[in-house]
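Novice: Give me the fold of what follows.
(one chain, ligands or ions: 1)
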Amino acid sequence: MTPADGHVPVLLNEVLDALDPSPGQTVLDCTAGLGGHAREMARRIGPSGTLVLMDLDPSNLARAEANVRVGGEPPRIVALHAPFSAAPRLLAERGIVADCLLADLGWSSNQIADSARGFSFQRTGPLDMRLDPSAPVTAAELVATLPERELAQVIRDYGEEPAAGRIARAIVRARAAGPIATTEQLARVIHAVLPRRHGPGGGIDPATRTFQALRIAVNDELGHLDALLAAVRRAAASAADTWLRAATADRHGARVAIIAFHSLEDRPVKRAFAALVADALATSRTRGAVQASEAEVQSNPRARSARLRAIEFSRSER
Ligand SMILES: C[S@@+](CC[C@H](N)C(=O)[O-])C[C@H]1O[C@@H](n2cnc3c(N)ncnc32)[C@H](O)[C@@H]1O
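Specialist: Numbers count the residues shown, from 1 in each chain. So this is what the prediction gives:
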């Protein structure tokens with residue numbers, strides 16, 4: 001089903017299978033986005049359930065909440081404008097214990113499509129890239145202030161860009177002549193180092209990796225993910241951490257599902273979940289990484305790179 005705003009959540013049925021939200025349960029959607037997954041999970045938990053919505057982007061958070069409230073009787077909704085790394089504290093403060101956690105990482109289509117947000121080199125706009133518009137540092141500021149070595153490291157580590165050193169040097173040279181304030185200006189600097197190849201077989205635009213790297217750095221995306229994974233581990237291992245449901249004789253433990261879109265995100269998720277399973281703190285709810293069907297990729301090309309992994313907390317003597 002395609003919702004009114006055209007946004008299609010990726011791997012929706014697979015997420016519902018992995019998390020299995022049921023009436024009266026509490027669901028934490030760490031990345032509410034436009035509420036695509038949240039709406040379906042809200043239907044499953046019904047009016048006696050609780051849905052916690054989190055997003056760094058306050059306008060997405062508001063849209064998610066509105067989308068969830070359309071039709072039917074919504075669950076209790078708690079909307080939190082915060083990074084998901086703050087979930088353990090924010091839930092504990094409110095006495096909320098989640099049965100299901102979903103993190104659908106990265107950005108939503110409307111954020112990329114909005115040229116004023118500066119995420120895409122295909123649209124001219126200010127070089128911003130903040131998911132949270134109130135965050136202190138924009139991509140333009142990083143590009144203007146980072147020393148060449150650090151710039152190269154960001155582009156290499158977060159963009160996996162082999163030409164990181166040459167791109168950083170070109171940026172430093174260009175910024176000496178005047179500020180790099182727009183997506184178009186930065187793309188031009190990158191294209192001078194790595195020219196675009198047109199036509200079939202041309203591959204991805206050479207600016208893609210540098211733009212990805214800056215977006216990850218501006219939003220500390222891997223830092224928040226690492227913090228979330230560490231908090232999930234603590235909750236699986238310790239009775240003192242109550243924000244995720246512990247398994248008991250008559251109750252399932254929390255289910256945690258994460259959708260990653262590139263290897264820098266998927267690798268830590270894979271490792272963290274494998275360690276929980278190896279330590280008997282959780283069982284796997286997916287066989288390896290679940291990928292979108294050809295039919296889904298046809299209708300939603302972004303689904304091609306999605307990798308879903310999920311676990312369920314095991315009963316333990318914790
Ligand atoms: C892929 S979209 C989620 C789409 C959503 N599942 C849906 O069906 O509409 C990712 C969302 O996560 C948000 N986001 C990214 N990193 C975040 C973080 N560390 N904490 C909270 N929200 C984050 C983005 O602002 C964006 O709205």
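
Novice: dump the residue contacts of the closest residue to Gln25 other than its chain neighbours.
Specialist: Sequence neighbours aside, Asp99 is the residue nearest to Gln25 in space, at 4.1 Å (criterion: C-beta to C-beta, 6 or more residues apart in numbering). To be clear about C-beta, it is placed using only N, CA and C from the backbone, and glycine gets the same treatment. Listed by C-beta atoms under 8 Å, 6 or more residues apart in numbering, the contact set of Asp99 reads Pro21, Gln25, Thr26, Val27, Arg245, His252, Ala254, Arg255.

Novice: near the ligand, from these?
Specialist: The residues of those that also fall near the ligand, by C-beta under 6 Å from any ligand atom, amount to none at all.

Novice: so which of these comes closest to the ligand?
Specialist: Taking C-beta to the nearest ligand atom as the measure, Val27 is the one of these closest to the ligand, at 11.9 Å.

Novice: Where does the prediction get shaky in the stretch 151-300 of the chain?
Specialist: In the prediction, the stretch 151-300 of the chain carries residues with pLDDT under 70 at positions 199-202.

Novice: In it, what residue lies closest to the ligand?
Specialist: Closest residue of the stretch 151-300 of the chain to the ligand, C-beta to the nearest ligand atom: His224 (3.6 Å).

Novice: That residue and Pro83 touch, don't they?
Specialist: Yes - with contacts counted by C-beta atoms under 8 Å, His224 reaches Pro83, the gap being 5.0 Å.

Novice: out of these two, which sits in the busier spot?
Specialist: Pro83 (23 against 19; other C-beta atoms under 10 Å).

Novice: Show me which residues of the stretch 1-150 of the chain are close to the ligand?
Specialist: 7, 9, 30-31, 33-37, 54-57, 60, 83-84, 104, 106-108, 131.

Novice: And for Pro74, the neighbour number?
Specialist: By the measure other C-beta under 10 Å, the count of residues near Pro74 is 18.

Novice: Would you confirm that it belongs to a strand?
Specialist: No - counting by DSSP: H, G, I helix; E, B strand; the rest coil, Pro74 falls outside a strand, being coil.

Novice: Dihedrals phi and psi, it?
Specialist: The phi/psi pair for Pro74 (degrees, to the nearest 10) reads phi -70, psi 160.

Novice: would you list every one of the helices in the stretch 151-300 of the chain?
Specialist: Counting by DSSP state H, counting those that start in this stretch, the stretch 151-300 of the chain forms helices over residues 164-177, 183-193, 208-218, 221-237, 263-278, 294-299, given from the N-terminal end onward.

Novice: What lies in contact with the shortest one?
Specialist: Among residues not part of helix 294-299, those counted as contacts by C-beta under 8 Å, 6+ apart are Val8, Val10, Leu11, Ala303, Arg304.

Novice: Ramachandran coordinates for the most centrally placed residue in the chain?
Specialist: For the chain, the residue nearest the mean C-alpha position is Leu105 (1.5 Å; C-alpha atoms, centre = their mean). Geometry field for Leu105 lists phi and psi as phi -70, psi 160, criterion degrees, to the nearest 10.

Novice: State whether it and Ala260 are indeed in contact, as I suppose.
Specialist: Yes - counting by C-beta under 8 Å, Ala260 is a contact partner of Leu105 at 5.6 Å.

Novice: Look up how far Leu225 lies from His81.
Specialist: For His81, the distance to Leu225 (C-beta to C-beta, to the nearest Å) stands at 19 Å.

Novice: ranges for the strands of the protein?
Specialist: Chain-ordered strands for the chain, with DSSP state E as the definition, fall at 26-29, 50-55, 76-81, 100-104, 255-260, 282-284, 307-313.
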